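Chemist: Give me a 3D structure for the following:
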Amino acid sequence: QVQLVESGGGLVQAGGSLRLSCAASGRSIGASAMGWFRQAPGKEREFVGALNWSGGRLTYADSVKGRFTVSRDNAKNTVLLQMNSLKPEDTAVYYCAAPLGAVVVGDPKEPKKYYYWGQGTQVTVSP
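Modeler: I've put the predicted structure just below:
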């Protein structure tokens, strides 16, 4: 059974930075595609960023491109989301996710392509 646990959320002023972590158990992060999503109140869950199983391909939502970076720490079996130049519209609960297998078949931006989800961590950006 794969379990994902996010941490690192909090309250930050606009322009600040946060780094989210997603610790995985039951799967080696080094050989798995992983994704980050977020959900603001009253809105649908939206894609933030993803890396493919080899880590060689990164995909980002246009809204975070150039500000957010997805990476992984294989030694700690953790996926990271570095968020810089945060804006109030980045306020949401952030989730990490993993597909049922090692790879995402199809569009990695689609939430339905992921099977395992963490519990989420709240990020609040004040003006």
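Chemist: hmm, which helix or strand of this structure has the shakiest average pLDDT?
Modeler: Lowest on mean pLDDT, DSSP states H and E among the helices and strands of the chain sits strand 58-60, with a mean of 93.
Chemist: Closest to the centroid, which residue in the protein?
Modeler: The centre of the chain sits closest to residue 36, judged by C-alpha atoms, centre = their mean, with a distance of 2.1 Å.
Chemist: In terms of helices and strands, where is that residue?
Modeler: Using DSSP states H and E, residue 36 falls within strand 34-39.
Chemist: which strands and helices sit next to the helix or strand following that strand?
Modeler: Sequence-wise, the next helix or strand downstream of strand 34-39 (DSSP H and E) is strand 46-51. Under the contact definition 3 or more C-beta pairs under 8 Å, 6 or more residues apart in numbering; DSSP states H and E, strand 46-51 sits against strand 34-39, strand 58-60, strand 68-73, strand 78-83. In this view, the C-beta of every residue, glycine as well, is placed from N, C-alpha and C.
Chemist: looking at those strands, which is buried most?
Modeler: strand 34-39 (a mean of 24; mean count of other C-beta atoms under 10 Å).
Chemist: so what strands line up beside the strand holding residue 36?
Modeler: The pairing partners recorded for strand 34-39 under DSSP bridges are strand 46-51 (antiparallel), strand 92-98 (antiparallel).
Chemist: Which of the residues in stretch 45-54 are classified as buried?
Modeler: Of the residues in stretch 45-54, 45, 47-53 count as buried by neighbour count, 16 or more other C-beta atoms under 10 Å.
Chemist: Lowest-confidence member of these, which is it?
Modeler: Across the buried residues of stretch 45-54, the smallest pLDDT goes to residue 53, namely 83.
Chemist: To residue 89, which of the helices and strands packed on strand 46-51 lies closest?
Modeler: Among the helices and strands packed on strand 46-51, the nearest to residue 89 by C-beta to C-beta is strand 34-39 (10.5 Å).
Chemist: State the mean pLDDT of the closest one.
Modeler: Mean predicted confidence for strand 34-39 is 98.
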